[in-house]
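Trainee: using only what follows, build the 3D model:
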Amino acid sequence: MDRAAVDRLYDCDVLDRHGRPIGPVAGVWLAGNRPLWASVRRDGGTTLVPIRGAQVRDRRLVVPVDKREVEDAPKVGDRDLSEAEQAELHDHYGLTVPEQRLVRHQRAVSAPTSQPPPQARRRAR
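Mentor: Numbers count the residues shown, from 1 in each chain. Next up is the predicted model:
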């Protein structure tokens, strides 16, 4: 998956395998340049949701897990994860730990345009 495709994941709402809403994507985590996890902020804190095998449809990321699994998942916060935390998450979802280290993806910042936004142009007239 190229960088632009990974960046578009940030515009998605996460739904479980049954179509129930979990929350918006707050971050994306990669292993070997492959997106494996999305962080989602919920009332109880931030948790990671496995996205391997997920499908993107109309700004919705449908993940292969149940909402209840996400609710019961370990909370991780918004920081790099220790190896023990990674192992705990993988164990919770019944996944094997990848050989590559899990790293947080930094969303590309869009380049500023040379024209002001339409609202500013209207005011200038």
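
Trainee: which ones are touching the residue most central in space within the chain?
Mentor: The residue at the geometric middle of the chain, judged as the C-alpha nearest the mean C-alpha position with CA atoms, centre = their mean, is residue 38 (2.5 Å). Contacts here follow CB atoms under 8 Å, 6 or more residues apart in numbering; on that basis residue 38 touches 9, 12, 14, 25-29, 48-49, 51, 61, 63. From N, CA and C alone the C-beta is placed, and that goes for glycine too.

Trainee: which parts of the protein are strands?
Mentor: When secondary structure is read from DSSP state E, the chain shows strands at 13-15, 21-31, 34-42, 45-50, 55-57, 60-62, 102-104.

Trainee: hey, which of those strands is tucked in deepest?
Mentor: Mean neighbour counts were compared across those using mean count of other CB atoms under 10 Å; the top stretch is strand 45-50, at a mean of 21.

Trainee: need the residues that contact that one.
Mentor: If you take CB under 8 Å, 6+ apart as the criterion, strand 45-50 is touched by 14, 22, 26, 29, 36-40, 63-65, 70, 73-78, 89, 93, 95.

Trainee: between strand 21-31 and it, find me the angle.
Mentor: 70 degrees (axes from the mean of the first three to the mean of the last three CA atoms, to 10 degrees).

Trainee: burial measure for the residue nearest to residue 69 when sequence neighbours are not counted, as a count.
Mentor: The shortest distance from residue 69 to any non-neighbouring residue, by CB to CB, 6 or more residues apart in numbering, is to residue 93 (6.5 Å). A total of 15 residues lie near residue 93 under the criterion other CB atoms under 10 Å.

Trainee: can you check residue 32 too?
Mentor: The number of residues packed around residue 32, counting by other CB under 10 Å, is 11.
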